[in-house]
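Trainee: sequence unknown, structure follows:
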């Protein structure tokens, strides 16, 4: 006897889903363009799109419409979440493909010092603050240790796309400080995803000696397997795809590699974005990638999937929670720690490398941008149940505020740096622009 076929999506559910996508995409693109006109990162407008239709605005202004468009039914919201998850996985994969490790090799000691100081100080401060926050802000079954570790990771990340876009807009990409900022950001990205995968594994499996050891060893094993086994397979697949004159084969192969990598790490109870990032790096460093053929994938991700993801992330923000004194105090404390830790850490690393005060300040400003990476980290924390609605909102605010801070501080610092003296330090030159990654414009 044959089993009954799986029911299709009900008519009303499909209608609501399509309208959700259309409304969020329309608002995200419009507000993203508006933000760009005011010299702000587009991610600010895209997150605001979700805030408008979410519990912060529409639920208060027009409750009936808000309930119809964004019902509390988990099945309905999971349809939207699925599109957002595909978007963030491909966005992280594309970011990995765009990283240029030539930047790190050219000024590796300075970049490593700046990156490590800019990682360790905010990581330690974030963990410390996590232990001090009121237990009422943690989900009921979350371990304080896992919560604190997660907050530390959220404080120490840096957003390469926001940094690169800011430097391009300000015509600073060819300057020594711009290149050092990107190089340190590459190292930050790699360590950030690594730390996120470790803490995510701890959150999923619980805290014990065995799970801690496993969460440390699994990411190392993934990287080694990717390098020893995945690298030759990726090169062979891209070489075969490159024989076609059409970009379709390259786009399909790159997408398939990223999705399989994400599925592999998800199956290991790490985070899907970690596998996507590792596979993106493998693709970008394979030597077989025709970047022009990858343009259709980049355009689809940045023009459609990424804005929908950021708008979906904004939907889960509840700014009305900031009315509560405890949440507002927490937001101020976490924001202060995030800014102070990154600025002081990067500043100290730059000074240890012999750079001047204004160069160090410019590096701190660039490294302080959190942008897309912070939003991804916050989303992962919400999915794992490590973050509640209030702490999720606080971390998204950190992403917005730190991204808005970078351009004005960079302008002040760079105006006081002598470009001729900077060139004598040895990096600025005509090839620097060629070494920079092509940043995702929307983030």
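Mentor: The structure has been received and is ready for your questions. The shown structure was predicted, so the numbers you read here are calculated from the model rather than taken from an experiment. Numbering: from 1, shown residues only.

Trainee: how deep is residue 191 tucked in, by neighbour count?
Mentor: For residue 191, the count of nearby residues is 19 (other Cβ atoms under 10 Å). The C-beta positions use only the backbone N, C-alpha and C, and glycine is treated the same way.

Trainee: same question, residue 283
Mentor: 25.

Trainee: And residue 54, its phi and psi?
Mentor: phi -90, psi -160 (degrees, to the nearest 10).

Trainee: measure it to residue 403 for me?
Mentor: 20 Å (Cβ to Cβ, to the nearest Å).

Trainee: More neighbours: these two, which one.
Mentor: residue 403 (28 against 23).

Trainee: Please point out which parts of stretch 274-289 sit buried.
Mentor: 274-286, 288-289 (16 or more other Cβ atoms under 10 Å).

Trainee: Can you flag which of those belong to helices?
Mentor: Judged by DSSP state H, those include 274-284 as members of helices.

Trainee: Reformat the residues you listed as TSV; add pLDDT.
Mentor: Formatted as TSV, those follow (pLDDT from 0 to 100):
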residue	pLDDT
274	90
275	92
276	93
277	91
278	92
279	96
280	94
281	91
282	95
283	96
284	93
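
Trainee: Now tabulate those in CSV and tack on distance to residue 410.
Mentor: Shown next, in CSV, are these (distance: Cβ to Cβ, whole Å):
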residue, distance to residue 410
274, 30
275, 33
276, 29
277, 26
278, 31
279, 32
280, 27
281, 27
282, 32
283, 31
284, 26
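
Trainee: Of these, which is the nearest to residue 77?
Mentor: residue 276 (22.3 Å; Cβ to Cβ).

Trainee: mind listing what's buried in stretch 9-17?
Mentor: Neighbour-count burial for stretch 9-17 [16+ other Cβ under 10 Å]: 16-17.

Trainee: Distance from that stretch to the middle of the chain?
Mentor: Centroid displacement of stretch 9-17 relative to its chain, using Cα atoms, centre = their mean, to the nearest Å, is 31 Å.

Trainee: Mind listing residues that contact that stretch?
Mentor: The contact list for stretch 9-17 (Cβ atoms under 8 Å, 6 or more residues apart in numbering) reads 68-69, 71, 75-76, 79-80.

Trainee: try 10 Å this time
Mentor: For stretch 9-17, contacts defined as Cβ atoms under 10 Å, 6 or more residues apart in numbering pick out 8, 68-71, 73, 75-80, 82-83.

Trainee: Please identify, among these, the one with the most neighbours.
Mentor: Neighbour-wise, the contacts of stretch 9-17 (other Cβ under 10 Å) top out at residue 70, 22 neighbours.

Trainee: so that residue makes contact with residue 20?
Mentor: Yes. If you go by Cβ atoms under 10 Å, residue 70 and residue 20 touch, sitting 7.0 Å apart.

Trainee: can you list residues touching both of these two?
Mentor: Here residue 70 and residue 20 have 53, 76-77, 80, 315 as joint contacts, going by Cβ under 10 Å, 6+ apart.

Trainee: of the residues you listed, closest to residue 362?
Mentor: residue 315 (35.1 Å).

Trainee: circling back to that earlier point, could you work out the most separated pair of the shared contacts of residue 70 and residue 20?
Mentor: 53 and 76 (14.2 Å).

Trainee: The spatially most central residue of the chain: helix or strand, and which one exactly?
Mentor: The centre of the chain sits closest to residue 373, judged by Cα atoms, centre = their mean, with a distance of 1.6 Å. Per DSSP states H and E: residue 373 is located in helix 371-384.

Trainee: Which strands or helices does that helix pack on?
Mentor: helix 42-53, helix 74-98, helix 144-156, helix 160-169, helix 176-205, helix 272-284, helix 306-315, helix 389-414 (3 or more Cβ pairs under 10 Å, 6 or more residues apart in numbering; DSSP states H and E).
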